[in-house]
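Engineer: Mind folding the following:
(4 chains)
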2 protein chains.
Amino acid sequence: MIASLPRREGRRFAGLCDSVELKAGSTLCESNEPFQGAYFPTAGVISVVSTLHGRPPLELGLIGRDGMLGATLSLGVLVAPMQAVVQEAGSALVIKVPELRAELHDSPRLLEALHRYQFRLMMQLLQTAACTHFHEIEPRLARWLLMTQDLGITDSVHFTHEFLSHTLGVRRSGVTVAAGSLQRRGFISYSRGHIRILDRPGLESAACECHQALNDKYRLVFG
Amino acid sequence: MIASLPRREGRRFAGLCDSVELKAGSTLCESNEPFQGAYFPTAGVISVVSTLHGRPPLELGLIGRDGMLGATLSLGVLVAPMQAVVQEAGSALVIKVPELRAELHDSPRLLEALHRYQFRLMMQLLQTAACTHFHEIEPRLARWLLMTQDLGITDSVHFTHEFLSHTLGVRRSGVTVAAGSLQRRGFISYSRGHIRILDRPGLESAACECHQALNDKYRLVFG
DNA sequence: CCAGTTCTGTGCGGCGGCGTACATAGGAAG
DNA sequence: CTTCCTATGTACGCCGCCGCACAGAACTGG
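Structural biologist: Numbers count the residues shown, from 1 in each chain, chains lettered A, B, ... in the order given. A predicted model of the protein is given here:
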């Protein structure tokens, strides 16, 4: 995302950032609490979740190296609207909130980038919300695997069924059944927290249309 | 929302708008198509929905006289991320997109207002998405009735069960059962498309916590 | 090699909602 | 008043997922 800035600005901006490690499972921001900083993942994935009283969190968005956590800071609100958790360990550039705000003030390009990404996240939320409501576990799982692959995940440390059950908001054994079916069909193979995609076209056929639809929309809007 | 601007700016802005009638059921914008304009309801309610291929639309947000349709225009993207439908007939001020953009450029207060509302919508989407997934029909229906009451609806023209089934993404007969239960408990009464709230505290107790939670969050962020 | 832990496979009863169908009731129009 | 249409009440079987429980399998550390 920073790379999309003009070279000089990008350099300058990166200079304002610290590099941090993203540890799987760590929480980067809490709903309705101030952002500690804005995160630009260079590797790994951040998960945007919504938590209801007494329920496991439900994942509604994924942020990878093409995105950022804290795009809402471009709206002038310093508080996070959602909770975000590191789903896939990696690393990120972090910029503190005051520095980001100063930079947003000076760089229209940066502001535009954040605004656009905010829009993208919104599209993602809308799609995922409906998908979660209407579609079944297996297609949703397939879609999720495709999404993470798109985000450039190579080897996953902790994609256990237990873990996936949280991101999909379903039972662990429900995931086992869905994953088992995908494996039997030869689309994926997995064992003890490690999933490989064997047949991407097959997986695409097993996924709900949301993956394709969302990508189409991105392209339509941003070219 | 316009009223929150300084008096002079508000007047000026209102002068740029046309007044239009909001007809129940009419679509104000389509997902991934350019906004025709930005709508500031003065009466009635606009519903933000997400539609999946071959499914009824699912409502994820409500826009009343405290809000607007087209807040994403403040992000510099001229396309709508979602579909919006008039749910409750009324009226609105409309401003054309180029005029709005010019005004956003000149008035930081206006820009801030749109940004804040964009943030609010985001909070609403996140809450509603999880609510839709986890909560049952009856509490969701109760919550929805409370929300619409908060938006200042007095008499509803077309709150039939059929209609409600679309906003909640469930069967019509599912709504009948839920509404029947709320009526038997004395919280509401209805007949042929007309619902009255008889016992607001009772209805609150029947609703899921999402209504309260969201209001709390609004207050926490915006005071 | 053994013991403990984590991950996966599988089964059970139950429930909420689905799709469908049909019956009644209330208004509107003639 | 009758006719038609829309809105509501209710029932039936089905399915997906739940909560739970337990067994096997695969790694881990002694």
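Engineer: buried set for the lengthiest helix in chain A?
Structural biologist: As assigned by DSSP state H, the longest helix anywhere in chain A is helix A:108-134. Residues of helix A:108-134 classed as buried: A:110-134 (neighbour count, 16 or more other Cβ atoms under 10 Å in any protein chain shown). From N, CA and C alone the C-beta is placed, and that goes for glycine too.
Engineer: In terms of helices and strands, where is the residue minimising distance to the centre of chain A?
Structural biologist: Geometric centre of chain A, nearest residue: residue A:62, 1.4 Å, by Cα atoms, centre = their mean. Residue A:62 belongs to strand A:58-63 when elements are defined using DSSP states H and E.
Engineer: Just grab the bridge partners of residue A:27 for me.
Structural biologist: residue A:85 (DSSP bridges).
Engineer: Count the neighbours of it for me.
Structural biologist: 10 (other Cβ atoms under 10 Å in any protein chain shown).
Engineer: can you check the one 4 residues further on too?
Structural biologist: Residue A:31: 19 surrounding residues under other Cβ under 10 Å.
Engineer: what do you get for the one 5 residues further on?
Structural biologist: Other residues within reach of residue A:36 by the criterion other Cβ under 10 Å amount to 14.
Engineer: so it touches residue A:27, yeah?
Structural biologist: No - using Cβ atoms under 8 Å, residue A:36 is not in contact with residue A:27, being 10.2 Å away.
Engineer: and stretch A:30-47, what's its mean pLDDT?
Structural biologist: If you average the pLDDT over stretch A:30-47, you get 95.
Engineer: same for the strand holding residue A:62, what does it pack against?
Structural biologist: strand A:37-50, strand A:83-96, helix A:108-134, helix A:161-168, helix B:108-134 (3 or more Cβ pairs under 8 Å, 6 or more residues apart in numbering or on different chains; DSSP states H and E).
Engineer: Determine which of those approaches DNA strand D most closely.
Structural biologist: helix A:161-168 (7.6 Å; Cβ to the nearest atom of the strand).
Engineer: and that closest one with strand A:58-63, angle?
Structural biologist: If you take axes from the mean of the first three to the mean of the last three Cα atoms, to 10 degrees, helix A:161-168 sits at 90 degrees to strand A:58-63.
Engineer: show me what contacts the residue nearest to the centre of chain A?
Structural biologist: A:45, A:46, A:47, A:48, A:87, A:124, A:147, A:148, A:151 (Cβ atoms under 8 Å, 6 or more residues apart in numbering or on different chains).
Engineer: List, one by one, the residues from chain A near DNA strand C.
Structural biologist: A:158, A:160-162, A:172-173, A:176-177, A:179-180, A:183, A:190-193 (Cβ under 7 Å from any atom of the strand).
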